[in-house]
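1. need a structure here:
(2 chains)
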Protein chains: 2
Amino acid sequence: MAEPTETGRKVTTSDRIKDLILSDGLRPGDLLPTEGELCTRLGVSRSNVREAIRKLSTLDIVDVRHGHGTYVGEMTLDALVEALVFRGVLSPGDDLDALRDVVEVRKALDHGMSEQIVHALNGTENSELKDLVDEMTALAADGKTFPQQDRAFHTGLLAKLGNSLVGQLVAAFWDVHTAVLPKLNVAVAADLEQTARAHGLMLEAAESGDAEAFRAAITAHYEPIMRALEQK
Amino acid sequence: MAEPTETGRKVTTSDRIKDLILSDGLRPGDLLPTEGELCTRLGVSRSNVREAIRKLSTLDIVDVRHGHGTYVGEMTLDALVEALVFRGVLSPGDDLDALRDVVEVRKALDHGMSEQIVHALNGTENSELKDLVDEMTALAADGKTFPQQDRAFHTGLLAKLGNSLVGQLVAAFWDVHTAVLPKLNVAVAADLEQTARAHGLMLEAAESGDAEAFRAAITAHYEPIMRALEQK
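-> Okay, here's the model as predicted:
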């Protein structure tokens, strides 16, 4: 049921369901037409519709709630995380290139958004981020890791921007990072206290509008993990 | 056929096929066991295996070549592009937030990788990138757009780094950007000549090791599109 587009790519049933979502003005959380209605409206077979719905479900473009119906999905980046995690662990042998790539992208996004973050936080007080820094500092002093607080800090910082994509991407790469790390048996030589402290420095610099100090704190933040990866 | 993991998430058949790829030491392009062999080894039904293979195929973790068999996939980010393009066009009305988000992420990645790019290109000559700049300049002088050359320039620049993920991400976001732009009916008020020139300035700055000039050229490069988006 595929017809060529201007660019030569085939228009698949899943493309046509996406067009229908747009033309019907449906939004995330809205109910899609039933399988039977989709067959009639698109003039395709039930197995075609089912396969397309499965594909769109994998991409979180639709959300199949068994016994209830199929809804427009939230379009999270979960599929990206799944694909990247697997790519990360598939890198050959003890080669840590894939993890290093992910950490570099996280660092690049933090650096690349630094101006906007400092602009957004300048002159504000963010007690919820400060509390996270205090928790990380306390855990580090006990020699404990703090993945939840770390993730909440980074996503909380980026939530101050109006850009939901960058927040989702950073969260996605954070999840890849933490999922791949233990599978690769990296000795986390990361200095916990330095990492905890760097979060505090990032927050202070952003709140005082000091972009240069903010960037220095980002570099300090990634320094322990980059060092651990270089040493392998 | 799902059993809970330590973190409470269900282990699905697709997770188990991924584990099998790892434990068998398979690499992209390698042939997977047949559907029947997968059923036997994993102790699950044929319909379970088929559904899992479809899902992994959507994520490009496996590549189903009809009549030949199923292979380990190349794990491209095509699924991410598809999901993001749709998210971009789904943003309500003439709201351009989604495209603005994508352009900001592209800009952040360019800025965030600027140090590494300048480091990699310092003292080199890159005639293939220079040729692309010349083509863009000539097309701009004729009032023509230059999407192919533009994409080739950005991916070519990032190919100088050892980080394949950032190159794929930038290419993915570039594709989202160009796919979403016409669908949103944005008048591309972008100054073609300024954009063409900015690519030349980026290249010159990187080759002469001038990180500050490189970052200024990135800002100039995105200035026309950012201005067009702000005006809406």
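
2. what sits against the residue nearest to residue A:27 when sequence neighbours are not counted?
-> Closest residue in space to residue A:27, ignoring its immediate chain neighbours: residue A:72 at 6.3 Å, by Cβ to Cβ, 6 or more residues apart in numbering or on different chains. C-betas here are computed from N, CA, C, even on glycine. Taking Cβ atoms under 8 Å, 6 or more residues apart in numbering or on different chains as the contact definition, residue A:72 lies against A:21, A:26-30, A:32, A:61-63.

3. how about 7 Å then?
-> Residue A:72 sits next to A:21, A:26-30, A:32, A:62 when contact means Cβ atoms under 7 Å, 6 or more residues apart in numbering or on different chains.

4. Now, of these, which are buried?
-> A:21, A:26, A:28, A:32, A:62 (16 or more other Cβ atoms under 10 Å in any protein chain shown).

5. mind listing which of the contacts of residue A:72 are in helices?
-> residue A:21 (DSSP state H).

6. May I see the contacts of residue A:72 organised as CSV, with pLDDT added?
-> Converted to CSV, those look like this (pLDDT from 0 to 100):
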residue, pLDDT
A:21, 90
A:26, 88
A:27, 86
A:28, 87
A:29, 92
A:30, 94
A:32, 96
A:62, 95
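
7. So the most centrally placed residue in chain A, which state does it fall into?
-> Computing the C-alpha centroid of chain A and ranking residues by Cα atoms, centre = their mean puts residue A:172 first, at 2.1 Å. Classification of residue A:172 by DSSP: H, G, I helix; E, B strand; the rest coil places it in helix.

8. quick one: it from residue A:11, how far?
-> Distance, residue A:172 to residue A:11, by Cβ to Cβ, to the nearest Å: 29 Å.

9. before we move on, what about residue A:72?
-> Distance from residue A:72 to residue A:11, by Cβ to Cβ: 20 Å.

10. So which bits of chain A are right by chain B?
-> A:18, A:22, A:54-55, A:58-61, A:75, A:79-80, A:82-83, A:86-87, A:89-90, A:101-102, A:104-105, A:107-109, A:111-113, A:163-166, A:169 (Cβ under 7 Å from any Cβ of the partner chain).

11. Quick check: PyMOL command selecting the buried ones in those residues.
-> Listed next is the PyMOL selection for buried residues among the residues of chain A next to chain B, using 16+ other Cβ under 10 Å:
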select buried, chain A and resi 18+54+55+58+59+60+61+75+79+80+82+83+86+87+89+90+101+102+104+105+107+108+109+111+112+113+163+165+166+169
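
12. Which ones among the contacts of residue A:72 lie within strands?
-> Counting by DSSP state E, these place residue A:62 in strands.

13. Closest to residue A:229 out of the contacts of residue A:72?
-> Top of the list for closeness to residue A:229, among those and by Cβ to Cβ, is residue A:28 at 37.3 Å.

14. pretty sure the closest one is touching residue A:73, no?
-> Yes: using Cβ atoms under 7 Å, residue A:28 is in contact with residue A:73, at 6.4 Å.

15. how about low-confidence regions in chain A?
-> In the predicted model of chain A, residues A:1-9, A:88-95, A:182-190, A:231-232 satisfy pLDDT under 70.

16. pretty sure residue A:177 is touching residue A:102, no?
-> Yes: assessed by Cβ under 7 Å, residue A:177 is found in contact with residue A:102 at 5.4 Å.

17. can you count the residues close to residue A:47?
-> 10 (other Cβ atoms under 10 Å in any protein chain shown).

18. Can you classify it as helix, strand or coil?
-> Going by three-state DSSP: residue A:47 is helix.

19. so how far is chain B from it?
-> 12 Å (Cβ to the nearest Cβ, to the nearest Å).

20. Equivalent analysis for residue A:206, please.
-> 16 Å.

21. dump the residue contacts of that residue.
-> Contacts of residue A:206 (Cβ under 7 Å, 6+ apart): A:117-118, A:121, A:214.

22. again, 8 Å this time
-> Contacts of residue A:206 by Cβ under 8 Å, 6+ apart are A:117-118, A:120-122, A:157, A:214.

23. Contacts only, for the closest residue to it other than its chain neighbours.
-> Once flanking residues are discounted, residue A:206 sits nearest to residue A:121: 3.9 Å by Cβ to Cβ, 6+ apart. Contacts for residue A:121 (Cβ under 8 Å, 6+ apart) come out as A:157, A:160, A:203, A:206-207, A:209.

24. Can you flag the buried ones in these?
-> A:157, A:160, A:203, A:206-207.

25. the domain parsing of chain A - what is it?
-> A:3-72, A:78-231 (automatic domain parsing).

26. residues touching residue A:166, list them.
-> A:109, A:113, A:158, B:101, B:104-105, B:108.

27. got TSV for those, with distance to residue A:229 too?
-> Below are those laid out as TSV (distance: Cβ to Cβ, whole Å):
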residue	distance to residue A:229
A:109	17
A:113	22
A:158	23
B:101	29
B:104	28
B:105	24
B:108	22
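
28. Farthest pair within the residues you listed?
-> Pairwise over the contacts of residue A:166, using Cβ to Cβ, the maximum falls at A:109 and B:101, 12.5 Å.

29. In chain A, what residue spans correspond to strands?
-> So, for chain A - with DSSP E - the strands run A:3-4, A:10-11, A:62-65, A:69-72.

30. can you list the ones you listed in a markdown table and add distance to residue B:199?
-> Converted to a markdown table, the strands of chain A look like this (distance: least, Cβ to Cβ, whole Å):
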| stretch | distance to residue B:199 |
| --- | --- |
| strand A:3-4 | 32 |
| strand A:10-11 | 33 |
| strand A:62-65 | 39 |
| strand A:69-72 | 38 |
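
31. Ok, which of the ones you listed comes nearest residue A:181?
-> strand A:62-65 (29.9 Å).

32. show me where chain A has helices.
-> Under DSSP H, chain A gives helices at A:13-23, A:35-42, A:46-58, A:78-90, A:97-112, A:114-121, A:127-141, A:147-158, A:164-183, A:192-207, A:211-231.

33. Hmm, residue A:194 is touching residue A:222, no?
-> No: look at residue A:194 against residue A:222 with Cβ atoms under 8 Å: they stay out of range, at 10.4 Å.
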